[in-house]
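Asks: The following comprises the amino acid sequence and a computationally predicted model.
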Amino acid sequence: MAVFQLRESVLRVVPNVLETMLEIHPSPTGQGLPSGADRISAIIGIGGDEVHGMIYVHFPRHLGEEVAGKLLDGCVGAELGDGEVNDVVGEMCNMMAGGLKADLAEVGFEAGISPPSIIRGKGFTIDPEPGMEVSHFGFLCGKHVLDLEIHLRIES
Amino acid sequence: MPYKILSVDDSLTIRMLVKRSFKNFDCAVFEACNGEEGLAAAIREKPDLIFLDITMPVMDGVTMLTKLKENPDIKGIPVIMLTAESGRENVAYIAKLGVRDYLVKPFKDEQLIEKASRVLKLEPKPASA
């Protein structure tokens, strides 16, 4: 069975989603979101026979609002309340999770993904389940940093 | 008579994007946020085309598609899957259920229109009187 290359997958999937949907061209960065940053985070679970994990996409609040405004520009009846912003952030996470899921399947790890959930706030931390490998990937989007946090356990 | 397009997706964002894509065409876009509501809307509205997501609460897209194909009144409605679920095995399985086409998210408005144009003869919305 081939080895899943998480970094390569993330570096392909995240720019693909942001460029296709938003014409945003993110650059990978070593930075993460500062602790205490006001954020909108989308969470999706991924699970299969040999793969288990959680995918968190942390948008700084201002980036989430900017992205939602840009994506829904021109939509009939689009009012940009918290619900609409949450839905856009959740859908961005869904598309990223779908891409990672497809790359996992390509190397033999079939899995399902859950619908997204949203957490808003600042100063919260997420403790991984025992045995999960935790990876962070920062992407510079204009002046904001988008933080993709992945907790993954692959049994092979 | 404008075409009827049904967008079945739990994401409000996607339903709004589908609506925006077709706003300049002579189409009426209907919405449903899960497979159960989608099936009811398909029976009620008899749309000319359905865009269908897979991962949804209450009833997922694969179950809705299966039930749609079992119903002689609506089984002929063309369905285009619009989903973040890619992967060869997944696509192959769904293709066997009888979908017209498959569009993987992320997508651009033009791709939606191009896929719909393979099924419908889209015309610009007539100028209002």
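Replies: In hand now; what should we look at? Just so it is clear, the model here is predicted, and its values are computed rather than measured. Residues are numbered from 1 along each chain as shown, chains lettered A, B, ... in the order given.
Asks: tell me the contacts of residue 83?
Replies: No chain was given, so I picked chain A. For A:Gly83, the contact set (C-beta atoms under 8 Å, 6 or more residues apart in numbering or on different chains) comprises B:Leu12. (Glycine included, C-beta is placed from N, CA and C.)
Asks: Chain B was what I was after
Replies: Listed by C-beta under 8 Å, 6+ apart, the contact set of B:Thr83 reads A:Gly98, B:Leu52, B:Asp53, B:Ile54, B:Thr55, B:Gly61, B:Tyr102, B:Leu103, B:Val104, B:Lys105.
Asks: Send over stretch A:8-19 as PDB, restricted to the C-alpha atoms.
Replies: C-alpha atoms of stretch A:8-19 as PDB (Å, rounded to 0.1, in the frame of the first residue of the first chain):
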ATOM      1  CA  GLU A   8       1.700  17.200  -0.500                       C
ATOM      2  CA  SER A   9      -2.100  16.700  -0.300                       C
ATOM      3  CA  VAL A  10      -2.700  19.800   1.800                       C
ATOM      4  CA  LEU A  11      -0.500  21.900  -0.400                       C
ATOM      5  CA  ARG A  12      -2.500  20.800  -3.500                       C
ATOM      6  CA  VAL A  13      -6.000  20.800  -2.000                       C
ATOM      7  CA  VAL A  14      -6.100  24.100   0.000                       C
ATOM      8  CA  PRO A  15      -4.900  26.400  -2.900                       C
ATOM      9  CA  ASN A  16      -7.200  24.500  -5.300                       C
ATOM     10  CA  VAL A  17     -10.300  25.300  -3.200                       C
ATOM     11  CA  LEU A  18      -9.300  29.000  -2.500                       C
ATOM     12  CA  GLU A  19      -8.300  29.700  -6.100                       C
END
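Asks: which helices and strands sit right next to the helix or strand encompassing B:Ile14?
Replies: Per DSSP states H and E: B:Ile14 is located in helix B:12-21. Contacting helix B:12-21 under the criterion 3 or more C-beta pairs under 8 Å, 6 or more residues apart in numbering or on different chains; DSSP states H and E are the following elements: helix A:82-106, strand B:3-8, strand B:27-32, helix B:109-117.
Asks: and if we set it to 6 Å?
Replies: helix A:82-106, helix B:109-117 (3 or more C-beta pairs under 6 Å, 6 or more residues apart in numbering or on different chains; DSSP states H and E).
Asks: Any chance of the ones you listed in TSV with mean pLDDT and distance to A:Pro15 as columns?
Replies: Output for those, formatted as TSV (pLDDT from 0 to 100; distance: least, C-beta to C-beta, whole Å):
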stretch	mean pLDDT	distance to A:Pro15
helix A:82-106	95	10
helix B:109-117	96	18
